[in-house]
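*Asks:* sharing a model prediction with you, sequence too.
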Amino acid sequence: MLIMTPRPVIIATSQTTLPTFSIIKFLKFQCASVFVITMAKERLLERTRAQQFEFIRTIWPGISEDAFQIEDYGRLFRFIDREMSITTEYPAKYSKHDVDGIAVYIRFLRENFVCSKTHAITNNRAPLGVDDYAISGTLDLAATIWLTTPVGAEIASGCVTWSYDETLEHCVQAHFNSATIVDNTKGDIIPRSLTIAHLCSNYGFTVTWTDNLGSHLSVDWENQRITIYEHLIYLCNHLNYPTPTPIPISILEEAVDTINLLFPSDQKRTKRFLRDQRKTFNRLGYCGRERRMRLSDYRHWRERIRVLKDVLGDPPKGYNQLVLDKEHRNFLNWATFWTAFIVALLTVISIVFGVVGVVFTVRSYRVSVDSFNVGAQQLEIAIAMACADAGTAVRLPQYCADP
């Protein structure tokens with residue numbers, strides 16, 4: 001039997017020659033690019049309910065289909081689609097380019113987050129031909145989506161740095177434990193008026209919504225912006241359908257408590273505020289917890305809540321400073337303003353009445369002068385009439401004498 005061994009095919013160009021494997025690599029890259037563009041069109045937000053539910057079960061396997069309400073997941077799906085869009089922009093940096101592929105990585109991380117990144121890369125090298133750099137990038141992306149917290153191999157502000165020799169659990173916990181924890185609970189009671197709606201309407205703050213749990217409750221004092229984590233459904237699901245996660249359960253519980261504190265779901269003012277912001281997470285209520293009104297109830301976010309609480313000690317801005325709040329915290333400023341206003345008002349009234357009195361006095365004087373002149377004229381007429389009579393003129397020589 002004649003066995004023919006294929007020889008490498010050499011393609012000649014004007015400057016160099018390329019072996020067959022270079023052409024194959026180029027074609028594979030082109031095919032991958034077409035595949036990525038095709039898959040990018042299928043966003044999670046546009047998938048069927050069954051497909052969306054299947055993806056959610058990747059994160060929370062214990063959730064039931066009846067408990068899955070699409071209305072509660074719109075913002076979370078948009079966040080996932082935004083994160084997935086980077087695989088279209090830089091396809092060579094990722095080994096998976098569709099939601100289903102990322103779901104496989106999330107499932108792996110959920111079961112192996114106590115392993116090092118090197119171990120995770122080794123266990124995800126199949127199929128052959130995918131380099132470790134692309135696998136590392138995909139693991140970071142899957143972790144970012146799973147934890148709603150940016151994860152990367154390089155050090156960046158607000159990002160969990162997952163190096164090759166560390167476990168995901170260790171670097172995530174180190175990231176959340178890096179927050180400054182202050183044991184000072186002076187003024188432990190939190191006023192019930194401490195809500196985002198109150199801070200925005202009375203103190204000129206605005207809200208920036210974030211997908212990053214680590215940035216929750218950070219404040220930009222220069223622009224008076226409060227950053228709020230908007231995925232309450234993510235936190236509630238972790239409490240209702242617990243599954244192992246690198247984020248400590250105490251952090252997740254406290255995050256729910258901070259949202260309950262600042263967005264009381266049974267308050268009309270908060271409902272109007274969220275409606276104006278086009279947010280619907282107040283549908284979830286208090287997620288089985290109560291509104292905690294003491295600083296000592298918080299640990300990770302205690303300092304951030306304390307500085308927001310201290311804002312209430314300042315006078316409100318605009319016309320709101322004229323209104324006494326329910327807890328009478330601004331009583332001194334309110335009383336000072338209204339006392340000064342009443343004194344000023346009485347002063348103005350007294351001046352007005354004084355001016356009116358002067359005007360009427362001047363008018364009365366003028367009327368008196370006019371009345372006197374009329375009387376004098378009437379007297380002259382009467383004398384003239386009396387002097388016209390000869391008998392009367394003789395008897396009144398002092399009035400009827402010729403000049």
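*Replies:* Happy to help now that I have it. Numbers count the residues shown, from 1 in each chain.

*Asks:* use CA for all of it now, contacts and neighbours both
*Replies:* Fine.

*Asks:* from H300, how far out is Q69?
*Replies:* 30 Å (Cα to Cα, to the nearest Å).

*Asks:* try S215
*Replies:* Using Cα to Cα, S215 is found at 12 Å from H300.

*Asks:* again, but for A103
*Replies:* 30 Å.

*Asks:* what's the average pLDDT for stretch 124-135?
*Replies:* On average, the pLDDT along stretch 124-135 is 84.

*Asks:* next: stretch 190-198.
*Replies:* The model assigns stretch 190-198 a mean pLDDT of 94.

*Asks:* what about the helices in the stretch 1-150 of the chain?
*Replies:* Using DSSP state H, counting those that start in this stretch, the helices of the stretch 1-150 of the chain run over residues 20-40, 49-59, 74-84, 86-89, 99-112, 117-122, 132-147.

*Asks:* same question but for the stretch 301-403 of the chain, I mixed them up
*Replies:* Along the stretch 301-403 of the chain, counting by DSSP H, counting those that start in this stretch, helices occupy 302-311, 331-387, 390-395, 397-400.

*Asks:* output those in a markdown table, with mean neighbour count, distance to N177 and mean pLDDT appended to each entry.
*Replies:* Shown next, in a markdown table, are the helices of the stretch 301-403 of the chain (neighbours: other Cα atoms under 10 Å; distance: least, Cα to Cα, whole Å; pLDDT from 0 to 100):
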| stretch | mean neighbour count | distance to N177 | mean pLDDT |
| --- | --- | --- | --- |
| helix 302-311 | 17 | 13 | 94 |
| helix 331-387 | 13 | 39 | 79 |
| helix 390-395 | 13 | 122 | 71 |
| helix 397-400 | 13 | 116 | 72 |
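
*Asks:* wait, isn't L239 in contact with A255?
*Replies:* No: using Cα atoms under 8 Å, L239 makes no contact with A255, being 11.1 Å away.

*Asks:* who has more neighbours out of these two?
*Replies:* A255 (23 against 16; other Cα atoms under 10 Å).

*Asks:* check which helix or strand covers that one.
*Replies:* Per DSSP states H and E, A255 falls inside helix 249-262.

*Asks:* after that helix, heading C-terminal, what element do we hit next?
*Replies:* Next element after helix 249-262 (DSSP H and E): helix 268-277.

*Asks:* for that next one, name the packing helices and strands.
*Replies:* If contacts are counted by 3 or more Cα pairs under 8 Å, 6 or more residues apart in numbering; DSSP states H and E, helix 268-277 sits against helix 196-203.

*Asks:* which non-adjacent residue is nearest Y73?
*Replies:* Nearest residue to Y73, sequence neighbours excluded (Cα to Cα, 6 or more residues apart in numbering): I233, at 7.1 Å.

*Asks:* same question, T144
*Replies:* Nearest one to T144, counting by Cα to Cα, 6+ apart, is P150 at 4.8 Å.

*Asks:* next, the contact list for the one you found, please.
*Replies:* P150 makes contacts with A143, T144, G158, C159, V160, N212, as judged by Cα atoms under 8 Å, 6 or more residues apart in numbering.

*Asks:* now those in a markdown table, with pLDDT and neighbour count?
*Replies:* Listed next are the contacts of P150 as a markdown table, based on pLDDT from 0 to 100; neighbours: other Cα atoms under 10 Å:
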| residue | pLDDT | neighbour count |
| --- | --- | --- |
| A143 | 97 | 25 |
| T144 | 97 | 21 |
| G158 | 85 | 14 |
| C159 | 93 | 19 |
| V160 | 94 | 25 |
| N212 | 96 | 19 |
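
*Asks:* where does this protein dip in pLDDT?
*Replies:* 1-41, 127-128, 178-186, 318-335, 337-338, 393, 396, 401-403 (pLDDT under 70).

*Asks:* how distant is stretch 132-144 from the center of its chain?
*Replies:* Remark: stretch 132-144 is offset 29 Å from the chain centroid, using Cα atoms, centre = their mean, to the nearest Å.

*Asks:* re the thing from before, which helices and strands does the helix holding A255 pack with?
*Replies:* helix 232-240.

*Asks:* what sits up against the helix it packs on?
*Replies:* Against helix 232-240 from outside (Cα under 8 Å, 6+ apart): 60, 63, 72-73, 76, 249, 252-253, 255-256, 259, 281, 284, 287.

*Asks:* ditto for stretch 192-201
*Replies:* Stretch 192-201 is contacted by residues 205-207, 261-264, 269-270, 273, 293, 308-309, 312, 326-327 when judged by Cα under 8 Å, 6+ apart.

*Asks:* buried residues in that stretch?
*Replies:* By neighbour count on 16 or more other Cα atoms under 10 Å, the buried set for stretch 192-201 is S193, L194, T195, I196, A197, H198, L199, C200.
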